[in-house]
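In: Sequence below, structure please.
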Amino acid sequence: MFRFPSVFLAALSAITLPPDLVHGPDVSVLSVLRVDVAVALDAVDAGRSTLSKSKRFKNTTRSNVFEQIATSQSNQPNDRSGGKKSKNAASFADQAAREESGGQQRHHVAQIEAQRAKASFRYVEDVAPGLKLDMDLHSILHMSTSPVQSVQVIDSYFGRTLVTDGKTQSAEHDEFVYHESLVHPALFWSAYLSDRSRGTSAGAPKSVFIGGGGELATAREVLRHNTVERIVMVDIDPEVIEVSRKHLPEWGGDAVANHPKVEYIVGDVLQYLSGSNEKFDAMIIDVSDPIEAGPAVALYTQEFYRLVSLRLNEHGVFVTQAGSASFIPFPHSSIEGEGEEATCFGPIKNTLATVFDHAIPYSAPVASFGEDWGFVLAFNGPREDARTLVDLSHEEIDDLIEDRIETVPGVPAHKFRSIGVKSALRGDETGGEVLKHYDGVVHRRLFSLSKPLREAMKSDHRIMTEANPIFMY
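Out: As a prediction, this is how the structure comes out:
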């Protein structure tokens with residue numbers, strides 16, 4: 001069995017993490033990082049430690065150790081003098097010893113290189129009880145703790161990723177799947193209802209409220225609708241917006257934050273809506289999951305949804321993200337009695353159904369979340385409207401996209417928009433060229449929940465209230 005040289009073990013024992021990682025208040029960062037063999041090897045390099053006391057390995061690093069072994073051996077003197085046989089025998093013995101030593105050293109180096117190849121910093125995130133996402137962590141771009149939550153931006157398997165309180169909020173690889181799924185079904189349904197009414201709401205959506213949305217990507221998608229004239233965005237944590245502007249410009253950045261149609265307010269969503277009488281054609285809730293002690297639990301309750309219903313115009317539409325919506329629900333996703341809940345998809349839908357005529361659940365696959373993700377769209381109207389929303393033809397949706405969708409000037413496109421798409425947006429696209437995910441075909445898929453998920457939701461009758469909140473895992 002291979003044993004690490006003592007100098008390597010000494011380097012390993014001498015490793016110290018930065019004080020802000022060890023002693024800082026941000027416990028979630030420590031929960032997702034693991035120091036592995038590579039760190040110890042870097043310490044070996046930095047200290048110019050050796051794998052042998054042989055002088056020829058002094059100042060040797062992993063990158064050039066094989067070259068120095070070869071050079072060292074090739075520089076050994078050869079006996080060309082035709083000396084005595086005893087000297088020749090000694091020379092041969094010395095050479096054999098050197099070759100044996102060199103072979104052992106090469107074996108040790110090869111073993112260490114093999115270990116290093118498997119070693120890295122890791123990002124690990126709990127998805128459900130007993131289930132984790134585990135991936136390479138390439139770099140940490142930002143790490144801070146605001147008065148509201150911990151905030152990190154990392155570069156991982158899914159590219160640049162915003163993490164708050166240890167949970168992925170959106171990632172470069174598929175943030176557009178989440179944000180387009182959240183925004184466009186609701187806004188196009190608002191357009192459909194307003195066009196059908198031909199009344200005071202014709203031409204909607206014109207005014208849109210966003211609760212949360214600190215990455216700015218939700219506002220980016222809303223701004224792509226050429227009918228929108230005003231966006232009010234209320235987020236409780238200015239740290240998320242500033243970090244996103246700096247590290248995630250493709251999500252919207254300064255082009256969205258400084259857009260003349262956007263009014264950004266730092267504040268509590270519940271308090272803002274309670275103190276305002278303004279009404280909107282569409283309202284979008286894009287806040288963190290209802291986790292215990294999280295900042296957004298109150299925004300998933302029956303009391304809050306009643307307040308929302310008072311802030312919508314006639315034919316107004318409301319949509320919220322609703323957490324995990326796995327194609328086949330986890331076995332523990334509807335725990336009865338006390339304990340942590342794995343999902344809130346069913347309860348959020350049930351709670352909205354107590355306030356609105358229609359509460360329509362739908363989902364989209366978001367790989368960086370480790371599962372399908374749920375949304376619920378709610379509105380008032382005739383019974384048949386629910387079926388009409390789900391059954392809108394792909395031609396109707398595609399026509400709406402061509403008529404209404406435009407690029408937001410100044411927002412840089414992701415370098416690689418998605419797998420197989422190798423070009424960035426020019427900046428003058430309209431219609432289907434702008435959207436990366438949502439179109440008429442995808443619309444039908446969003447509302448086609450799996451049979452196991454539908455059956456699980458039918459058996460879940462829980463309602464979320466201020467007195468009886470339900471928390472996600």
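
In: Would you mind writing the CA trace of stretch 207-220 as CSV?
Out: Output of stretch 207-220 as CSV, limited to C-alpha atoms (Å, rounded to 0.1, in the frame of the first residue of the first chain):
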residue,chain,number,x,y,z
SER,A,207,-47.5,47.4,-15.8
VAL,A,208,-45.7,44.6,-14.0
PHE,A,209,-44.8,44.1,-10.4
ILE,A,210,-41.8,41.9,-9.5
GLY,A,211,-41.3,40.7,-5.9
GLY,A,212,-37.7,39.7,-5.5
GLY,A,213,-35.8,39.0,-8.7
GLY,A,214,-32.5,40.4,-7.4
GLU,A,215,-30.4,38.7,-10.2
LEU,A,216,-32.3,41.1,-12.6
ALA,A,217,-33.1,38.3,-15.1
THR,A,218,-36.8,38.3,-14.3
ALA,A,219,-36.9,42.0,-15.1
ARG,A,220,-34.9,41.3,-18.2
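
In: surely Arg245 meets Ala257?
Out: Yes. With contacts counted by CB atoms under 8 Å, Arg245 reaches Ala257, the gap being 5.8 Å. Quick note: C-beta positions are derived from backbone N, CA and C, even for glycine.

In: The two: which is more packed in?
Out: Neighbours of Arg245 and Ala257, each counted by other CB atoms under 10 Å, are more numerous for Arg245; the result is 20 against 16.

In: And the pLDDT for the residue lying closest to the more buried one once chain neighbours are set aside?
Out: For Arg245, ignoring the flanking residues on the chain, the nearest one in space by CB to CB, 6 or more residues apart in numbering is Gly253 at 5.3 Å. pLDDT recorded at Gly253 is 95.

In: Kindly report the same for Glu336.
Out: 48.

In: The one 5 residues further on too?
Out: On pLDDT, Glu341 comes in at 52.

In: Just the C-alpha atoms of the host helix or strand of Ile154, please, in PDB.
Out: Remark: Ile154 resides in strand 150-156, with elements defined by DSSP states H and E. C-alpha atoms of strand 150-156 as PDB (Å, rounded to 0.1, in the frame of the first residue of the first chain):
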ATOM      1  CA  SER A 150     -25.400  34.800   2.800                       C
ATOM      2  CA  VAL A 151     -24.500  35.500  -0.800                       C
ATOM      3  CA  GLN A 152     -22.000  33.800  -3.000                       C
ATOM      4  CA  VAL A 153     -21.100  33.700  -6.700                       C
ATOM      5  CA  ILE A 154     -19.200  30.700  -7.700                       C
ATOM      6  CA  ASP A 155     -18.000  29.100 -10.900                       C
ATOM      7  CA  SER A 156     -18.900  25.400 -11.000                       C
END
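
In: Name every strand pairing with it and say which way it goes.
Out: Sheet pairing here is set by DSSP bridges, and for strand 150-156 it gives strand 131-145 (antiparallel), strand 159-164 (antiparallel).

In: Same list, the ones you listed, but as CSV with mean neighbour count and mean pLDDT please.
Out: Formatted as CSV, the strands paired with strand 150-156 follow (neighbours: other CB atoms under 10 Å; pLDDT from 0 to 100):
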stretch, mean neighbour count, mean pLDDT
strand 131-145, 15, 93
strand 159-164, 23, 95
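
In: Would you mind giving those strands as a markdown table with distance to Ile328 added?
Out: Shown next, in a markdown table, are these (distance: least, CB to CB, whole Å):
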| stretch | distance to Ile328 |
| --- | --- |
| strand 131-145 | 13 |
| strand 159-164 | 26 |
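
In: Minimum distance to Pro185: which of those has it?
Out: Among the strands paired with strand 150-156, the nearest to Pro185 by CB to CB is strand 159-164 (23.1 Å).

In: I'd like the next helix or strand past the closest one.
Out: strand 167-171.

In: joint contacts of Arg245 and Ala257?
Out: Listed as contacting both Arg245 and Ala257 by CB atoms under 8 Å, 6 or more residues apart in numbering are Leu216.

In: Please name the bridge partners of Thr161.
Out: Those that pair with Thr161 in a beta bridge, by DSSP bridges, are Ile154, Ala171.

In: Contact partners for the closest residue in space to Leu162 that isn't next to it in sequence?
Out: Closest residue to Leu162 apart from its sequence neighbours, by CB to CB, 6+ apart: Gln169 at 4.5 Å. Remark: with contacts taken as CB under 8 Å, 6+ apart, Gln169 is in contact with 161-163, 215, 288.

In: returning to what we had before: and the residue nearest to Arg245, what is it in contact with?
Out: Taking CB under 8 Å, 6+ apart as the test, what Gly253 contacts is 216, 244-245, 410-412.

In: Over to Val256?
Out: 216, 219-220, 223, 262, 408, 411.

In: That one: what's its closest spatial neighbour, skipping adjacent residues?
Out: Leu216 (4.5 Å).

In: how long is stretch 246-262 from one end to the other?
Out: Using CA to CA, to the nearest Å, the end-to-end distance of stretch 246-262 comes to 18 Å.

In: Can you list the buried residues in that stretch?
Out: Buried residues in stretch 246-262, counting neighbours by 16 or more other CB atoms under 10 Å, are found at 247-253, 255-257, 259, 262.

In: What is the nearest of those residues to Val208?
Out: Distances from Val208 to these, taken as CB to CB, are shortest for Val262 (9.8 Å).

In: hey, what's that closest one bridged with?
Out: Beta-bridge partners, per DSSP bridges, of Val262: Ile231.

In: Distance-wise, check Pro205 relative to Arg230.
Out: Computed with CB to CB, to the nearest Å, the distance linking Pro205 and Arg230 is 10 Å.

In: More neighbours: these two, which one.
Out: Ranked by neighbour count (other CB under 10 Å), Pro205 and Arg230 place Pro205 first, with 30 against 16.

In: Now do the contacts for that one.
Out: 187, 190-191, 194, 225, 227-228, 281-282, 317.

In: Name the SS class of the nearest residue to it once chain neighbours are set aside, please.
Out: By the measure of CB to CB, 6+ apart, the closest residue to Pro205 outside its immediate chain neighbours is Asp281, 3.9 Å from it. Secondary structure state of Asp281, per DSSP: H, G, I helix; E, B strand; the rest coil, is strand.

In: now what about the strand holding Ile154, what contacts it?
Out: So strand 150-156 is contacted by 25-29, 123, 135-145, 160-166, 171, 237, 239-240, 243, 247-248 (CB under 8 Å, 6+ apart).

In: do that again at 6 Å, thanks
Out: With CB atoms under 6 Å, 6 or more residues apart in numbering as the contact definition, strand 150-156 has outside contacts at 26, 28, 123, 135, 137-144, 161-165, 239-240, 243, 247.

In: Which helix or strand contains Gly323?
Out: Going by DSSP H and E, Gly323 is in strand 312-324.

In: where does the stretch 251-400 of the chain dip in pLDDT?
Out: In the predicted model, the stretch 251-400 of the chain carries pLDDT under 70 at residues 331-342.

In: which residues of it fall in helices?
Out: Assigned by DSSP state H, counting those that start in this stretch, the stretch 251-400 of the chain shows helices spanning 253-257, 269-274, 302-310, 345-353, 385-390, 394-404.

In: repeat for the stretch 101-250 of the chain
Out: Per DSSP H, counting those that start in this stretch, the stretch 101-250 of the chain carries helices over the ranges 175-197, 217-223, 238-247.

In: wait, which of those is closest to Tyr438?
Out: helix 175-197 (4.2 Å).
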